[in-house]
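In: Below is the structure, and that's it, no one-letter string:
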(Lines give C-alpha, C1' and ligand atoms only; values in the text may rest on other atoms or scores of the structure.)
Protein backbone atom coordinates (compact mmCIF):
# COMPACT_ATOMS: atom_id res chain seq x y z
CA UNK A 1 0.00 0.00 0.00
CA UNK A 2 1.11 3.57 -0.73
CA UNK A 3 1.27 5.11 2.75
CA UNK A 4 0.89 8.68 1.50
CA UNK A 5 -2.25 7.78 -0.44
CA UNK A 6 -3.70 5.94 2.56
CA UNK A 7 -3.15 8.97 4.83
CA UNK A 8 -4.70 11.34 2.28
CA UNK A 9 -7.69 9.07 1.67
CA UNK A 10 -8.36 8.63 5.40
CA UNK A 11 -8.08 12.36 6.08
CA UNK A 12 -10.27 13.32 3.16
CA UNK A 13 -13.09 10.92 4.01
CA UNK A 14 -12.97 12.05 7.63
CA UNK A 15 -13.31 15.69 6.63
CA UNK A 16 -16.00 14.91 4.07
CA UNK A 17 -18.20 13.16 6.65
CA UNK A 18 -18.30 16.21 8.91
CA UNK A 19 -21.25 18.54 8.45
CA UNK A 20 -20.55 22.25 8.43
CA UNK A 21 -23.34 24.76 8.93
CA UNK A 22 -22.93 28.01 7.02
CA UNK A 23 -24.48 31.44 7.05
CA UNK A 24 -26.17 32.46 3.82
CA UNK A 25 -23.30 34.84 3.01
CA UNK A 26 -20.78 32.01 3.41
CA UNK A 27 -22.55 29.50 1.20
CA UNK A 28 -21.03 28.28 -2.03
CA UNK A 29 -23.13 29.33 -4.99
CA UNK A 30 -23.99 26.38 -7.24
CA UNK A 31 -25.00 26.51 -10.90
CA UNK A 32 -26.48 23.28 -12.30
CA UNK A 33 -26.17 22.27 -15.95
CA UNK A 34 -28.52 19.58 -17.27
CA UNK A 35 -29.95 18.59 -20.61
CA UNK A 36 -33.31 16.84 -20.51
CA UNK A 37 -33.43 14.07 -23.11
CA UNK A 38 -29.66 14.04 -23.54
CA UNK A 39 -28.37 12.71 -20.28
CA UNK A 40 -30.66 14.78 -18.05
CA UNK A 41 -28.99 15.64 -14.73
CA UNK A 42 -26.99 12.46 -14.29
CA UNK A 43 -27.33 10.42 -11.15
CA UNK A 44 -28.54 13.14 -8.78
CA UNK A 45 -25.96 15.81 -9.61
CA UNK A 46 -28.74 18.39 -9.35
CA UNK A 47 -30.32 17.36 -6.04
CA UNK A 48 -27.09 16.52 -4.18
CA UNK A 49 -26.62 20.18 -3.21
CA UNK A 50 -29.91 20.15 -1.31
CA UNK A 51 -28.19 17.83 1.17
CA UNK A 52 -25.22 20.18 1.65
CA UNK A 53 -26.20 23.11 3.89
CA UNK A 54 -22.98 24.93 3.01
CA UNK A 55 -24.23 25.39 -0.57
CA UNK A 56 -27.04 27.23 -2.37
CA UNK A 57 -28.29 26.49 -5.90
CA UNK A 58 -28.57 29.86 -7.66
CA UNK A 59 -29.44 28.85 -11.24
CA UNK A 60 -30.17 25.96 -13.60
CA UNK A 61 -29.51 25.62 -17.34
CA UNK A 62 -31.32 23.17 -19.61
CA UNK A 63 -31.75 23.48 -23.38
CA UNK A 64 -35.11 21.68 -23.11
CA UNK A 65 -37.80 24.17 -22.07
CA UNK A 66 -40.11 21.64 -20.38
CA UNK A 67 -37.19 19.98 -18.64
CA UNK A 68 -35.97 23.34 -17.35
CA UNK A 69 -39.41 24.25 -16.01
CA UNK A 70 -39.69 20.94 -14.16
CA UNK A 71 -36.18 21.24 -12.75
CA UNK A 72 -36.74 24.75 -11.42
CA UNK A 73 -39.80 23.49 -9.56
CA UNK A 74 -37.98 20.45 -8.22
CA UNK A 75 -35.02 22.45 -6.92
CA UNK A 76 -37.12 25.51 -5.92
CA UNK A 77 -34.83 27.81 -7.90
CA UNK A 78 -35.91 31.05 -9.56
CA UNK A 79 -33.31 31.54 -12.27
CA UNK A 80 -33.37 29.32 -15.34
CA UNK A 81 -31.48 29.50 -18.61
CA UNK A 82 -31.70 27.71 -21.96
CA UNK A 83 -28.00 28.45 -22.59
CA UNK A 84 -25.53 27.33 -19.95
CA UNK A 85 -22.94 29.82 -21.18
CA UNK A 86 -25.32 32.69 -20.49
CA UNK A 87 -26.03 31.27 -17.05
CA UNK A 88 -22.33 31.07 -16.23
CA UNK A 89 -21.71 34.63 -17.47
CA UNK A 90 -24.59 36.14 -15.52
CA UNK A 91 -24.47 34.24 -12.24
CA UNK A 92 -20.70 33.70 -11.77
CA UNK A 93 -21.12 30.60 -9.59
CA UNK A 94 -18.51 29.21 -7.19
CA UNK A 95 -19.19 25.61 -8.24
CA UNK A 96 -20.69 24.21 -11.44
CA UNK A 97 -22.46 20.83 -11.49
CA UNK A 98 -22.23 19.24 -14.95
CA UNK A 99 -24.99 16.65 -14.91
CA UNK A 100 -25.70 15.23 -18.39
CA UNK A 101 -24.70 11.59 -18.80
CA UNK A 102 -24.12 12.07 -22.54
CA UNK A 103 -20.37 12.52 -22.60
CA UNK A 104 -20.14 14.36 -25.94
CA UNK A 105 -21.22 17.52 -24.07
CA UNK A 106 -18.68 17.31 -21.25
CA UNK A 107 -15.64 18.91 -22.86
CA UNK A 108 -17.46 22.09 -23.91
CA UNK A 109 -19.35 22.39 -20.63
CA UNK A 110 -16.20 21.88 -18.54
CA UNK A 111 -14.16 24.43 -20.49
CA UNK A 112 -16.97 26.97 -20.28
CA UNK A 113 -17.25 26.47 -16.52
CA UNK A 114 -13.49 26.83 -16.08
CA UNK A 115 -13.32 30.03 -18.14
CA UNK A 116 -16.32 31.50 -16.27
CA UNK A 117 -14.23 31.82 -13.11
CA UNK A 118 -15.80 28.94 -11.18
CA UNK A 119 -13.64 27.64 -8.36
CA UNK A 120 -14.89 24.05 -8.54
CA UNK A 121 -16.66 21.61 -10.86
CA UNK A 122 -18.46 18.36 -10.07
CA UNK A 123 -19.19 16.42 -13.24
CA UNK A 124 -20.86 13.21 -14.26
CA UNK A 125 -18.86 10.30 -15.58
CA UNK A 126 -17.53 9.27 -18.03
CA UNK A 127 -15.18 12.24 -17.81
CA UNK A 128 -14.85 12.87 -21.57
CA UNK A 129 -14.53 11.01 -24.89
CA UNK A 130 -10.81 11.00 -25.70
CA UNK A 131 -7.38 11.58 -24.18
CA UNK A 132 -7.18 14.75 -26.30
CA UNK A 133 -10.29 16.17 -24.63
CA UNK A 134 -8.91 15.13 -21.24
CA UNK A 135 -5.64 16.94 -22.00
CA UNK A 136 -7.57 20.14 -22.74
CA UNK A 137 -9.62 20.00 -19.56
CA UNK A 138 -6.61 19.16 -17.35
CA UNK A 139 -4.58 22.02 -18.82
CA UNK A 140 -7.45 24.49 -18.39
CA UNK A 141 -8.01 23.45 -14.76
CA UNK A 142 -4.33 23.82 -13.95
CA UNK A 143 -4.08 27.18 -15.73
CA UNK A 144 -7.07 28.62 -13.84
CA UNK A 145 -6.54 26.70 -10.56
CA UNK A 146 -9.99 25.10 -10.74
CA UNK A 147 -10.75 22.02 -8.63
CA UNK A 148 -12.64 19.45 -10.68
CA UNK A 149 -14.06 16.24 -9.22
CA UNK A 150 -15.43 13.41 -11.35
CA UNK A 151 -18.54 11.69 -9.95
CA UNK A 152 -17.04 8.24 -9.44
CA UNK A 153 -18.74 8.43 -6.06
CA UNK A 154 -17.53 5.00 -4.91
CA UNK A 155 -14.01 6.47 -4.86
CA UNK A 156 -15.03 8.40 -1.74
CA UNK A 157 -16.43 5.41 0.13
CA UNK A 158 -14.88 5.43 3.63
CA UNK A 159 -14.42 1.64 3.57
CA UNK A 160 -11.62 2.03 1.00
CA UNK A 161 -8.91 3.13 3.48
CA UNK A 162 -10.08 0.31 5.78
CA UNK A 163 -9.46 -2.21 2.98
CA UNK A 164 -6.09 -0.61 2.24
CA UNK A 165 -5.06 -0.99 5.87
CA UNK A 166 -6.24 -4.61 5.99
CA UNK A 167 -4.31 -5.43 2.83
CA UNK A 168 -1.19 -3.83 4.28
CA UNK A 169 -1.74 -5.94 7.40
CA UNK A 170 -1.66 -9.18 5.34
CA UNK A 171 -5.39 -9.93 5.70
CA UNK A 172 -5.51 -11.53 2.24
CA UNK A 173 -1.80 -12.33 1.94
CA UNK A 174 0.05 -11.35 -1.20
CA UNK A 175 -2.24 -9.60 -3.67
CA UNK A 176 -2.16 -11.58 -6.91
CA UNK A 177 -4.61 -9.76 -9.16
CA UNK A 178 -7.65 -7.51 -9.32
CA UNK A 179 -10.71 -8.55 -11.31
CA UNK A 180 -13.24 -5.96 -12.48
CA UNK A 181 -16.54 -6.29 -14.32
CA UNK A 182 -19.28 -3.96 -15.50
CA UNK A 183 -23.01 -4.63 -15.28
CA UNK A 184 -22.91 -6.81 -18.42
CA UNK A 185 -26.50 -6.08 -19.37
CA UNK A 186 -27.49 -5.17 -22.94
CA UNK A 187 -24.68 -2.60 -22.88
CA UNK A 188 -22.05 -5.32 -22.38
CA UNK A 189 -18.71 -4.77 -24.11
CA UNK A 190 -17.25 -1.36 -24.96
CA UNK A 191 -20.34 0.64 -23.93
CA UNK A 192 -20.32 -1.10 -20.54
CA UNK A 193 -16.60 -0.28 -20.31
CA UNK A 194 -17.34 3.41 -20.84
CA UNK A 195 -20.43 3.77 -18.68
CA UNK A 196 -19.85 1.36 -15.77
CA UNK A 197 -16.30 0.19 -16.36
CA UNK A 198 -15.05 3.71 -15.77
CA UNK A 199 -16.23 3.35 -12.15
CA UNK A 200 -14.45 0.07 -11.49
CA UNK A 201 -11.24 0.99 -13.32
CA UNK A 202 -11.05 4.09 -11.16
CA UNK A 203 -11.49 1.93 -8.05
CA UNK A 204 -8.79 -0.48 -9.23
CA UNK A 205 -6.21 2.29 -9.38
CA UNK A 206 -6.72 2.94 -5.66
CA UNK A 207 -5.23 -0.48 -4.91
CA UNK A 208 -2.94 -1.06 -7.91
CA UNK A 209 -1.61 2.41 -8.72
CA UNK A 210 -1.27 4.01 -12.14
CA UNK A 211 -1.80 2.01 -15.34
CA UNK A 212 1.36 1.35 -17.34
CA UNK A 213 0.30 -0.87 -20.25
CA UNK A 214 -2.68 -2.76 -21.67
CA UNK A 215 -3.43 -5.81 -23.81
CA UNK A 216 -7.01 -6.33 -24.91
CA UNK A 217 -9.44 -7.80 -27.42
CA UNK A 218 -12.93 -6.72 -28.41
CA UNK A 219 -15.38 -9.25 -29.90
CA UNK A 220 -18.69 -9.07 -31.72
CA UNK A 221 -20.82 -12.17 -31.20
CA UNK A 222 -17.77 -14.29 -30.43
CA UNK A 223 -15.46 -13.13 -33.25
CA UNK A 224 -12.92 -10.27 -33.32
CA UNK A 225 -14.72 -6.99 -33.98
CA UNK A 226 -13.80 -5.16 -37.19
CA UNK A 227 -14.47 -1.88 -38.95
CA UNK A 228 -17.59 -3.46 -40.46
CA UNK A 229 -19.08 -3.56 -36.93
CA UNK A 230 -18.53 0.17 -36.34
CA UNK A 231 -21.57 2.13 -35.13
CA UNK A 232 -22.30 5.30 -33.14
CA UNK A 233 -22.15 4.57 -29.43
CA UNK A 234 -25.04 5.43 -27.13
CA UNK A 235 -24.81 8.27 -24.58
CA UNK A 236 -22.46 10.24 -26.82
CA UNK A 237 -19.39 8.09 -26.20
CA UNK A 238 -18.34 8.10 -29.86
CA UNK A 239 -17.86 5.23 -32.34
CA UNK A 240 -17.95 1.69 -30.93
CA UNK A 241 -17.55 -1.89 -32.08
CA UNK A 242 -18.29 -5.16 -30.31
CA UNK A 243 -20.35 -6.57 -27.46
CA UNK A 244 -17.57 -8.28 -25.51
CA UNK A 245 -14.33 -6.94 -23.97
CA UNK A 246 -11.39 -8.70 -22.34
CA UNK A 247 -8.53 -6.54 -21.07
CA UNK A 248 -5.44 -6.85 -18.90
CA UNK A 249 -3.62 -3.85 -17.43
CA UNK A 250 -0.08 -3.76 -16.09
CA UNK A 251 -0.09 -1.48 -13.06
CA UNK A 252 2.37 0.64 -11.12
CA UNK A 253 2.45 -1.64 -8.05
CA UNK A 254 2.94 -4.85 -10.01
CA UNK A 255 -0.58 -6.21 -9.52
CA UNK A 256 -2.38 -6.89 -12.81
CA UNK A 257 -5.92 -5.59 -13.28
CA UNK A 258 -8.37 -7.47 -15.51
CA UNK A 259 -11.57 -6.02 -16.92
CA UNK A 260 -14.17 -8.18 -18.66
CA UNK A 261 -17.64 -7.44 -19.97
CA UNK A 262 -19.91 -9.68 -22.04
CA UNK A 263 -23.32 -8.50 -23.19
CA UNK A 264 -26.10 -10.38 -21.42
CA UNK A 265 -23.80 -12.14 -18.96
CA UNK A 266 -24.60 -10.10 -15.87
CA UNK A 267 -27.10 -10.43 -13.03
CA UNK A 268 -28.60 -7.55 -11.10
CA UNK A 269 -27.27 -9.07 -7.89
CA UNK A 270 -23.69 -9.57 -9.03
CA UNK A 271 -20.88 -8.42 -11.25
CA UNK A 272 -20.54 -4.65 -11.02
CA UNK A 273 -17.42 -4.08 -8.93
CA UNK A 274 -13.92 -5.40 -8.27
CA UNK A 275 -12.39 -8.37 -6.48
CA UNK A 276 -8.94 -8.08 -4.92
CA UNK A 277 -7.60 -11.63 -4.94
CA UNK A 278 -4.81 -12.64 -2.59
CA UNK A 279 -3.14 -15.84 -1.40
CA UNK A 280 -5.13 -15.82 1.85
CA UNK A 281 -8.50 -14.52 0.72
CA UNK A 282 -10.54 -12.14 -1.40
CA UNK A 283 -11.94 -8.67 -0.83
CA UNK A 284 -15.04 -7.99 -2.90
CA UNK A 285 -15.97 -4.35 -3.46
CA UNK A 286 -19.39 -3.65 -5.00
CA UNK A 287 -20.17 -0.34 -6.70
CA UNK A 288 -23.28 1.57 -5.57
CA UNK A 289 -24.19 -1.12 -3.01
CA UNK A 290 -24.32 -1.10 0.77
CA UNK A 291 -22.54 -2.76 2.47
CA UNK A 292 -19.94 -2.20 -0.22
CA UNK A 293 -17.23 -4.63 0.88
CA UNK A 294 -17.01 -8.32 1.82
CA UNK A 295 -14.20 -10.69 2.78
CA UNK A 296 -13.85 -14.37 1.84
CA UNK A 297 -11.07 -15.96 3.91
CA UNK A 298 -8.82 -18.71 2.59
CA UNK A 299 -6.73 -19.37 -0.48
CA UNK A 300 -9.16 -19.06 -3.43
CA UNK A 301 -7.19 -21.62 -5.43
CA UNK A 302 -7.21 -24.31 -2.75
CA UNK A 303 -10.46 -26.32 -2.38
CA UNK A 304 -11.44 -27.23 1.19
CA UNK A 305 -14.10 -29.47 2.69
CA UNK A 306 -15.51 -26.82 5.03
CA UNK A 307 -17.82 -24.19 3.53
CA UNK A 308 -16.49 -20.65 3.35
CA UNK A 309 -18.76 -17.69 4.06
CA UNK A 310 -18.49 -14.11 2.91
CA UNK A 311 -18.05 -11.69 5.83
CA UNK A 312 -19.15 -8.05 5.68
CA UNK A 313 -16.41 -5.40 5.92
CA UNK A 314 -17.49 -2.00 7.24
CA UNK A 315 -15.63 1.13 8.28
CA UNK A 316 -15.46 -0.57 11.68
CA UNK A 317 -13.57 -3.57 10.28
CA UNK A 318 -14.21 -7.18 9.27
CA UNK A 319 -17.47 -8.52 10.67
CA UNK A 320 -18.24 -5.29 12.56
CA UNK A 321 -21.46 -3.25 12.41
CA UNK A 322 -21.30 -0.06 10.37
CA UNK A 323 -20.65 2.86 12.75
CA UNK A 324 -21.54 5.59 10.23
CA UNK A 325 -25.27 6.29 10.27
CA UNK A 326 -27.01 6.48 6.88
CA UNK A 327 -23.80 5.74 4.98
CA UNK A 328 -25.69 4.38 1.99
CA UNK A 329 -27.68 7.60 1.65
CA UNK A 330 -24.58 9.76 2.09
CA UNK A 331 -22.99 7.90 -0.81
CA UNK A 332 -26.08 7.78 -3.04
CA UNK A 333 -26.67 11.53 -2.59
CA UNK A 334 -23.01 12.42 -3.35
CA UNK A 335 -22.75 14.13 0.05
CA UNK A 336 -19.24 12.87 0.79
CA UNK A 337 -17.83 13.76 -2.67
CA UNK A 338 -19.52 17.17 -2.59
CA UNK A 339 -18.13 17.98 0.82
CA UNK A 340 -14.65 16.87 -0.26
CA UNK A 341 -14.81 19.16 -3.31
CA UNK A 342 -15.68 22.10 -1.06
CA UNK A 343 -12.81 21.19 1.28
CA UNK A 344 -10.45 20.93 -1.72
CA UNK A 345 -11.39 24.47 -2.77
CA UNK A 346 -10.82 25.80 0.74
CA UNK A 347 -7.55 23.93 1.26
CA UNK A 348 -6.17 24.54 -2.25
CA UNK A 349 -5.70 20.84 -2.98
CA UNK A 350 -7.07 18.30 -5.45
CA UNK A 351 -10.29 16.43 -4.62
CA UNK A 352 -10.02 12.72 -4.00
CA UNK A 353 -11.21 11.84 -7.54
CA UNK A 354 -9.60 14.69 -9.45
CA UNK A 355 -9.40 15.87 -13.03
CA UNK A 356 -6.24 13.80 -13.50
CA UNK A 357 -7.96 10.71 -12.11
CA UNK A 358 -10.74 11.22 -14.62
CA UNK A 359 -8.18 11.59 -17.40
CA UNK A 360 -6.40 8.39 -16.33
CA UNK A 361 -9.66 6.43 -16.57
CA UNK A 362 -10.31 7.73 -20.09
CA UNK A 363 -6.76 6.73 -21.01
CA UNK A 364 -7.34 3.18 -19.72
CA UNK A 365 -10.56 2.82 -21.73
CA UNK A 366 -8.95 4.08 -24.93
CA UNK A 367 -5.96 1.80 -24.31
CA UNK A 368 -8.34 -1.18 -24.53
CA UNK A 369 -9.55 0.04 -27.91
CA UNK A 370 -6.03 0.80 -29.15
CA UNK A 371 -4.72 -2.63 -28.18
CA UNK A 372 -7.60 -4.27 -30.03
CA UNK A 373 -6.97 -2.03 -33.05
CA UNK A 374 -3.39 -3.32 -33.07
CA UNK A 375 -4.50 -6.95 -32.97
CA UNK A 376 -4.23 -7.37 -29.20
CA UNK A 377 -0.69 -6.04 -28.96
CA UNK A 378 0.65 -4.51 -25.76
CA UNK A 379 0.28 -0.73 -25.71
CA UNK A 380 1.90 1.56 -23.16
CA UNK A 381 0.29 4.47 -21.36
CA UNK A 382 0.08 7.37 -21.89
CA UNK A 383 -1.07 6.59 -25.42
CA UNK A 384 0.73 8.17 -28.34
CA UNK A 385 -2.51 8.71 -30.24
CA UNK A 386 -4.92 11.00 -28.38
CA UNK A 387 -8.06 10.23 -30.43
CA UNK A 388 -10.65 7.47 -30.05
CA UNK A 389 -8.81 4.45 -31.52
CA UNK A 390 -11.99 3.13 -33.13
CA UNK A 391 -11.89 6.11 -35.51
CA UNK A 392 -8.65 4.61 -36.88
CA UNK A 393 -9.99 1.12 -37.62
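Out: That came through, no problem. None of these values were measured; they are calculated from a predicted model. Numbering: from 1, shown residues only.

In: When you work out contacts or count neighbours from here on, use the C-alpha atoms and nothing else.
Out: Fine.

In: Just to be sure, residue 60 is in a strand?
Out: Yes - membership of residue 60 in a strand is supported by DSSP: H, G, I helix; E, B strand; the rest coil.

In: How about the contacts made by it?
Out: Neighbouring residues of residue 60 by C-alpha atoms under 8 Å, 6 or more residues apart in numbering: 31-34, 68, 71-72, 77, 79-81, 84, 87.

In: can we see that at 10 Å?
Out: Neighbouring residues of residue 60 by C-alpha atoms under 10 Å, 6 or more residues apart in numbering: 30-34, 46, 68-69, 71-72, 75, 77-84, 87-88, 96-97.

In: What of residue 387?
Out: 129, 130, 131, 132, 133, 366, 370.

In: Mind pulling the model confidence for residue 154?
Out: Looking at residue 154, its pLDDT reads 96.

In: Nearest spatial neighbour of it, chain-adjacent residues omitted?
Out: If you skip the residues right next to it in sequence, residue 154 has residue 287 as its closest partner in space, 6.2 Å away by C-alpha to C-alpha, 6 or more residues apart in numbering.

In: Strand partners (parallel or antiparallel) of the helix or strand encompassing residue 261?
Out: Per DSSP states H and E, residue 261 falls inside strand 257-262. If you go by DSSP bridges, strand 257-262 pairs up with strand 175-181 (parallel), strand 244-251 (antiparallel).

In: before we move on, back to that, which of the contacts of residue 387 count as buried?
Out: Among the contacts of residue 387, those that count as buried by neighbour count (16 or more other C-alpha atoms under 10 Å) are 129, 130, 131, 132, 133, 366, 370.

In: and the two most separated of those residues?
Out: Comparing every pair within the buried ones among the contacts of residue 387 by C-alpha to C-alpha identifies 133 and 370 as the most remote, at 16.6 Å.

In: returning to that earlier point: can you turn the buried part of the contacts of residue 60 into a ChimeraX selection?
Out: Filtering these down to the buried ones (16+ other C-alpha under 10 Å) takes a single ChimeraX command:
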select :30,31,32,33,34,46,68,71,72,75,80,81,82,84,87,88,96,97
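
In: Identify those among the contacts of residue 60 that sit within helices.
Out: Assigned to helices by DSSP state H, the following of the contacts of residue 60 qualify: 68, 69, 71, 72, 75, 84, 87, 88.

In: got a markdown table for those residues, with pLDDT too?
Out: Converted to a markdown table, those look like this (pLDDT from 0 to 100):
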| residue | pLDDT |
| --- | --- |
| 68 | 98 |
| 69 | 98 |
| 71 | 98 |
| 72 | 98 |
| 75 | 98 |
| 84 | 98 |
| 87 | 98 |
| 88 | 98 |
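
In: Would you reformat those as JSON lines and include distance to residue 206?
Out: Output for the ones in helices among the contacts of residue 60, formatted as JSON lines (distance: C-alpha to C-alpha, whole Å):
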{"residue": "68", "distance to residue 206": "38"}
{"residue": "69", "distance to residue 206": "40"}
{"residue": "71", "distance to residue 206": "35"}
{"residue": "72", "distance to residue 206": "38"}
{"residue": "75", "distance to residue 206": "34"}
{"residue": "84", "distance to residue 206": "34"}
{"residue": "87", "distance to residue 206": "36"}
{"residue": "88", "distance to residue 206": "34"}
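
In: just to revisit the earlier point, nearest to residue 327 among the buried ones among the contacts of residue 387?
Out: So of the buried ones among the contacts of residue 387, ranked by how close each gets to residue 327 (C-alpha to C-alpha), first place is residue 129, at 31.7 Å.

In: check contacts around the residue nearest to the closest one when sequence neighbours are not counted.
Out: Nearest non-adjacent residue to residue 129, counting by C-alpha to C-alpha, 6+ apart: residue 237, 5.8 Å away. Listed by C-alpha under 10 Å, 6+ apart, the contact set of residue 237 reads 101-105, 126, 128-130, 190-191, 194-195, 388.
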